[in-house]
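*Asks:* Give me coordinates for this.
(one chain, ligands or ions: 2)
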Amino acid sequence: MAVIEIEGLHKSYRKFQALKNINLEIETGLFGLLGPNGAGKSTLMQILSTILPFEKGKVSIYNFDLVGEGNKVRELLGYLPQYFHVPGQFTGREFLHYVASMKGVTEREERHARVEDLLEKVNLLEAANKKIKSYSGGMNGDWESPRR
Ligand SMILES: Nc1ncnc2c1ncn2[C@@H]1O[C@H](COP(=O)(O)OP(=O)(O)OP(=O)(O)O)[C@@H](O)[C@H]1O
Ligand SMILES: [Mg+2]
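*Replies:* Ligands and ions are numbered 1, 2, ... in the order given. Sure, this is the predicted structure:
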């Protein structure tokens, strides 16, 4: 079993067919998805991250079917999209608690330990109670993007 299995995947935006019969098996490790602008890379990534529905085909990650077992897939998944935005009104600590809760770390002590550990690892303990919008670009992980 490959980690990611894609069989006969089709995706259309109204009449425009963006993905036509994609068949792909991806094993553990690094995998580069290359193609010219508009080839459908982001479309495929959005499907794999369960954000975007598709009309035909079978896609599974660790044998969990994207259709019907999306919650399982989202538990396993970490995804950095082409454009990434952090909410400026949150403090760094609040945002990490929010993300941890969304990822299912609901036990308070465990979440606290994970958040504090991460803040220390990325050198943000001192800034943890400041709003993200006051952070520098390197601190908030954000960068110039054409959408803003
Ligand atoms: N929401 C949408 N509605 C209609 N067409 C779309 C939509 N999103 C993407 N497309 C079209 O689907 C095709 C694939 O787009 P996609 O963004 O997946 O390409 P890409 O390979 O990620 O390109 P890039 O390298 O420029 O990021 C393009 O022709 C694009 O115009
Ligand atoms: Mg893209």
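
*Asks:* buried ones in stretch 122-131?
*Replies:* 124, 127-128 (16 or more other CB atoms under 10 Å). To be clear about C-beta, it is placed using only N, CA and C from the backbone, and glycine gets the same treatment.

*Asks:* Residues touching that stretch, excluding its own?
*Replies:* 88-93, 116, 119, 135, 139 (CB atoms under 8 Å, 6 or more residues apart in numbering).

*Asks:* Kindly indicate the member of those with the most neighbours.
*Replies:* Scoring the contacts of stretch 122-131 on neighbours with other CB atoms under 10 Å, the highest-scoring entry is Gly92 at 25 neighbours.

*Asks:* how far does whichever helix or strand Arg74 is part of sit from the chain's center?
*Replies:* Here Arg74, judged by DSSP states H and E, is contained in helix 70-76. Counting by CA atoms, centre = their mean, to the nearest Å, helix 70-76 is centred 11 Å from the centre of its parent chain.

*Asks:* How about stretch 83-91?
*Replies:* In terms of CA atoms, centre = their mean, the centre of stretch 83-91 is set 15 Å apart from its chain centre.

*Asks:* Briefly note if it comes near ligand 1.
*Replies:* No - if you take CB under 6 Å from any ligand atom as the test, stretch 83-91 misses ligand 1, and the best it gets is 10.1 Å.

*Asks:* mind listing the helices for the protein?
*Replies:* 41-48, 70-76, 92-102, 108-121, 137-140 (DSSP state H).

*Asks:* Which of these sits closest to ligand 1?
*Replies:* helix 41-48 (3.1 Å; CB to the nearest ligand atom).

*Asks:* how about the closest one as CSV, C-alpha atoms only?
*Replies:* C-alpha atoms of helix 41-48 as CSV (Å, rounded to 0.1, in the frame of the first residue of the first chain):
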residue,chain,number,x,y,z
LYS,A,41,-0.9,21.2,-9.0
SER,A,42,-2.8,23.4,-6.4
THR,A,43,-6.1,21.7,-7.5
LEU,A,44,-4.6,18.3,-6.6
MET,A,45,-3.1,19.6,-3.4
GLN,A,46,-6.5,21.1,-2.3
ILE,A,47,-8.2,17.8,-3.1
LEU,A,48,-5.6,15.9,-1.1
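
*Asks:* Tell me the helices and strands packed up against that helix.
*Replies:* Helices and strands touching helix 41-48, as assessed by 3 or more CB pairs under 8 Å, 6 or more residues apart in numbering; DSSP states H and E, comprise strand 4-13, strand 16-26, strand 56-61.
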